[in-house]
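> Whatever this is, show me its structure:
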Amino acid sequence: MGNLVSRAKRQFIKVANRQGYVQRAVRYTTIDHEQFLEHAAADTGISEAVLSGVARAICHQLKQMLLNGHSVEFPGVGYFRFGINAKAVENAEDVSADLVKRRKILFVLNADMQERLRRVSVESFVVEEE
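Got it, this is the predicted structure:
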């Protein structure tokens, strides 16, 4: 199980039209590609050079599959899928690709990862205003 920290800061909450304390997760660091490969190599015994080639191939395939409309599963974690935002119209004859306003890639956690996330403990603190 993991342990996360959140910090709360007083700010204006637009939808409620009032001041309140809003919590955000504290991010410790960003693990870069090399650090990630180093950890994976230590776990598997496979060299970082081999893992780097595998990671490049997986990323290339992930991009190709997603950009061609496929969902891609990452076992034990979740899946990536392509999505769009489009303007709604009343009549079927008005539907066209020109109505698409945004293309996006979504990530959805699988049930196991959702359950693990629910069990992560969270420690909170308040950031005092200056």
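> Near Leu37, how many other residues are there?
Counted with other Cβ atoms under 10 Å, the neighbours of Leu37 add up to 20. Yep, even glycine has a C-beta here, placed from its N, CA and C like the rest.
> same thing with the one 5 residues further on?
Burial of Ala42, expressed as a neighbour count using other Cβ under 10 Å, amounts to 10.
> Likewise for Gly53?
Going by other Cβ under 10 Å, the residues that sit close to Gly53 add up to 11.
> looking at it, Ala55 is touching Ile46, isn't it?
No: judged on Cβ atoms under 8 Å, Ala55 makes no contact with Ile46 at a distance of 11.1 Å.
> check contacts around the spatially most central residue of the chain.
In the chain, the residue lying closest to the centroid (Cα atoms, centre = their mean) is Phe107, at 5.7 Å. For Phe107, the contacting residues are 78-80, by Cβ atoms under 8 Å, 6 or more residues apart in numbering.
> Confidence-wise, which helix or strand of this protein is lowest on average?
strand 121-127 (a mean of 89; mean pLDDT, DSSP states H and E).
> did I read that right, Gly20 in a helix?
No: per DSSP: H, G, I helix; E, B strand; the rest coil, Gly20 lies outside any helix segment and is strand.
> Any regions of this structure where pLDDT drops low?
Scanning the chain for pLDDT under 70 picks out 129-130.
> Distance from the chain centre to whichever helix in it runs longest, please.
As assigned by DSSP state H, the longest helix anywhere in the chain is helix 48-67. Offset of helix 48-67 from its chain centre (Cα atoms, centre = their mean, to the nearest Å): 18 Å.
> Which residue is the nearest non-sequential neighbour of Lys101?
Of all residues beyond its chain neighbours, the one nearest Lys101 is Asn85 (5.2 Å), with distances taken as Cβ to Cβ, 6 or more residues apart in numbering.
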